[in-house]
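Q: Provide a 3D model corresponding to the input given below.
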Amino acid sequence: MVTCKSFFFNIILSLFLIFIFTNFSYGGQTFKKLENKKVSYLDFFLLKFENTINKRAQILRRQMFATRVQYSNIGIQIDFDDKKEQIFINIYAIMDKYRYSKKRYEQKLSDCNQVRNLIFYKKLGYKFFTQKRDPSLSEGVMEDIFKEVFFKNINFNEEEINFLLDKTFVNVTILHPVMKKELSCYGKVNEYELK
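A: Numbers count the residues shown, from 1 in each chain. The predicted model follows:
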């Protein structure tokens, strides 16, 4: 004779097993749908591009012995404008509040260029003592470094790489946290100097 407790236990166990098996099959179906979705090669490139830029932005961390402007935070945003067919990279560099509340300093155009140069080319692009533009980081050198770093292990031909390089623009904004001033510069990613 079946007791009331065992009857309810069997019903609960049956419902639980049905719930488990339907969830597993639903999960399997969802994974199949995700596997079959198509991702454009441009989307794949932009994701890899953004990840690489974020990793390279770590070079702007504070230095033990400051030889350039010190930053406490870097923000990066990449947008693709399909109407203009252009890639826009927005870089937001926040100067170190502790350092620049004691030391009076106003942002300069060379600071914008240095942020771009350090992230993309790992070079300042300016001479240490004079802070004048260093011609050793020319547009040709920048183009070669850019291609080597950002198009490595990606199946683009030379024409596609040159097209993407020509359509990639960068906007650097340096924010002074104490004086509440900002300085922006804009241009092609491999332009000699941003404006």
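Q: so where's this protein uncertain?
A: 1-5, 7-8, 13-31, 34 (pLDDT under 70).
Q: Kindly recompute the last result at 80.
A: Residue ranges of the chain with pLDDT under 80: 1-39, 62-66, 128-129.
Q: in it, which spans are helices?
A: According to DSSP state H, the chain carries its helices in the segments 4-36, 41-56, 97-102, 109-121, 139-150, 158-166.
Q: In CSV, list those along with distance to residue 176 and mean neighbour count.
A: The way it works is simple: take the backbone N, C-alpha and C, and place the C-beta from them, glycine included. Below are the helices of the chain laid out as CSV (distance: least, Cβ to Cβ, whole Å; neighbours: other Cβ atoms under 10 Å):
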stretch, distance to residue 176, mean neighbour count
helix 4-36, 45, 10
helix 41-56, 23, 14
helix 97-102, 6, 14
helix 109-121, 10, 22
helix 139-150, 27, 15
helix 158-166, 31, 14
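Q: Distance check, residue 111 against residue 126.
A: 10 Å (Cβ to Cβ, to the nearest Å).
Q: Ok, residue 37 next?
A: Distance from residue 37 to residue 126, by Cβ to Cβ: 46 Å.
Q: Same drill for these two, tell me which one is more crowded.
A: When residue 37 is set against residue 126 and neighbours are counted by other Cβ atoms under 10 Å, the residue ahead is residue 126, at 18 against 6.
Q: Using the record, which stretches count as separate domains in this protein?
A: Per automatic domain parsing, the domain ranges recorded for the chain read 1-37, 41-188.
Q: Save those domains as JSON lines, and put in distance to residue 195 too.
A: Rendered in JSON lines, the data for the domains of the chain read as follows (distance: least, Cβ to Cβ, whole Å):
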{"stretch": "domain 1-37", "distance to residue 195": "41"}
{"stretch": "domain 41-188", "distance to residue 195": "6"}
